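In: Return a 3D structure for these sequence lines:
(one chain, ligands or ions: 1)
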Amino acid sequence: MNCPDPAPAALELDRVAWGSGILHPVSLTLNPGRVLGVLGANGAGKSTLLRLIYRFNQPQSGRVLVDGADIHRLPARRVAQRVAAVLQEQPTDFALSVAEIVALGRAPHRRSFAGPSAHDAHLVDHALDRLGLHDFADRPFGTLSGGERQRVMVGRALAQQPGLIVLDEPTNHLDIRHQLEVLRLVRGLGATVVASLHDLNLVQGFADDLLVLAGGKALAFGPVAEVLTPDLVARAFGVRAMPRGHSRFDFSLFDDMQQETHA
Ligand SMILES: Nc1ncnc2c1ncn2[C@@H]1O[C@H](COP(=O)(O)OP(=O)(O)OP(=O)(O)O)[C@@H](O)[C@H]1O
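Out: Numbering: from 1, shown residues only. Model (predicted):
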């Protein structure tokens, strides 16, 4: 059975803000199919922003528009048919098998009380295949390593067939090969993507655009090559970034630099 990827979604953040000074108003437009990396130091507001985009938290002000519709005015189920989230928190039902967790991705598409259709089963199978999870299909989720669990959660999002996929630190727990594989896979889904990442080198091969947050404010938004400059890295993270080669940086603390100077 053929299962074409769903149409990628358009995302617009219209002055979205949350909490008392935790996230100041952020606005941006992401065209369908674009991959947005969200960067910032610990506590900068990345997860807070992502929670508004996958409709977990309601913005204090502003709107999150997916395909032009304000998702906070739509039923949760309808939003879940278009927006999937891959989070650092993992399901608590560790007794479920890998295949059962991936099948949860189909829930928003099923009518109430309806069992899984042949199409659902096919999409679950397809997701297990694409993530290389077939050998794990019957294993209880709780017996997997952190990296294997992360791949299962991406598999669940894939089975959900979203137009927009939101990932909070998707490479956490993954070794370098699986980091690259998961990011390549996410890019290859054809969906619009918003992902928070900590690795500044990885983000360069992954994202089209970057949003950089600091202290809950947007420092910069735009194409990666324009945004990710040594000056921006210094302002966002308080570290020195030395260009190395075409698209690489060496990172060091400013304290270390001072020690080198005085040595
Ligand atoms: N419900 C809440 N109540 C109070 N403060 C909160 C709440 N949620 C988040 N914060 C605070 O808001 C700030 C931003 O948190 P957030 O989790 O968005 O940061 P982050 O950029 O994702 O950080 P990290 O890289 O460490 O995951 C932090 O200082 C956090 O303590």
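In: Spatially, which residue comes closest to Y54, not counting chain neighbours?
Out: Leaving aside its sequence neighbours, Y54 sits nearest to A85 (Cβ to Cβ, 6 or more residues apart in numbering; 3.9 Å). Bear in mind the C-beta positions are built from the backbone N, C-alpha and C, glycine included.
In: Could you verify that the one you found is part of a strand?
Out: Yes - judged by DSSP: H, G, I helix; E, B strand; the rest coil, A85 forms part of a strand.
In: Stretch 199-209 vs the ligand: in contact?
Out: No - against the ligand, stretch 199-209 shows no contacts by Cβ under 6 Å from any ligand atom, the least distance being 12.1 Å.
In: Report the backbone C-alpha coordinates of that stretch in PDB.
Out: What follows is stretch 199-209, C-alpha atoms only, in PDB (Å, rounded to 0.1, in the frame of the first residue of the first chain):
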ATOM      1  CA  ASP A 199      24.500  21.200  19.300                       C
ATOM      2  CA  LEU A 200      25.500  24.200  17.200                       C
ATOM      3  CA  ASN A 201      27.400  22.100  14.700                       C
ATOM      4  CA  LEU A 202      24.500  19.700  14.200                       C
ATOM      5  CA  VAL A 203      22.000  22.400  13.700                       C
ATOM      6  CA  GLN A 204      24.000  23.700  10.700                       C
ATOM      7  CA  GLY A 205      23.400  20.500   8.700                       C
ATOM      8  CA  PHE A 206      19.900  20.200   9.800                       C
ATOM      9  CA  ALA A 207      17.900  23.400   9.900                       C
ATOM     10  CA  ASP A 208      17.000  25.900   7.200                       C
ATOM     11  CA  ASP A 209      16.200  28.700   9.600                       C
END
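In: What lies in contact with stretch 47-60?
Out: Contacts to stretch 47-60, defined as Cβ atoms under 8 Å, 6 or more residues apart in numbering, come from residues 11, 13, 16-19, 22-23, 26, 38, 64, 71-72, 76, 79, 83-85, 88, 164, 166, 168, 194, 196, 211, 213, 216.
In: End to end on that stretch, go ahead and measure it.
Out: The first and last residues of stretch 47-60 sit 15 Å apart, counting by Cα to Cα, to the nearest Å.
In: mind listing the strands for the stretch 51-200 of the chain?
Out: Secondary structure of the stretch 51-200 of the chain (DSSP state E, counting those that start in this stretch): strands at 61-66, 69-70, 83-86, 164-168, 192-196.
In: how about those in JSON lines, adding distance to the ligand, mean pLDDT and mean neighbour count?
Out: Rendered in JSON lines, the data for the strands of the stretch 51-200 of the chain read as follows (distance: least, Cβ to the nearest ligand atom, whole Å; pLDDT from 0 to 100; neighbours: other Cβ atoms under 10 Å):
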{"stretch": "strand 61-66", "distance to the ligand": "15", "mean pLDDT": "97", "mean neighbour count": "18"}
{"stretch": "strand 69-70", "distance to the ligand": "22", "mean pLDDT": "97", "mean neighbour count": "14"}
{"stretch": "strand 83-86", "distance to the ligand": "14", "mean pLDDT": "94", "mean neighbour count": "24"}
{"stretch": "strand 164-168", "distance to the ligand": "7", "mean pLDDT": "96", "mean neighbour count": "25"}
{"stretch": "strand 192-196", "distance to the ligand": "6", "mean pLDDT": "96", "mean neighbour count": "26"}
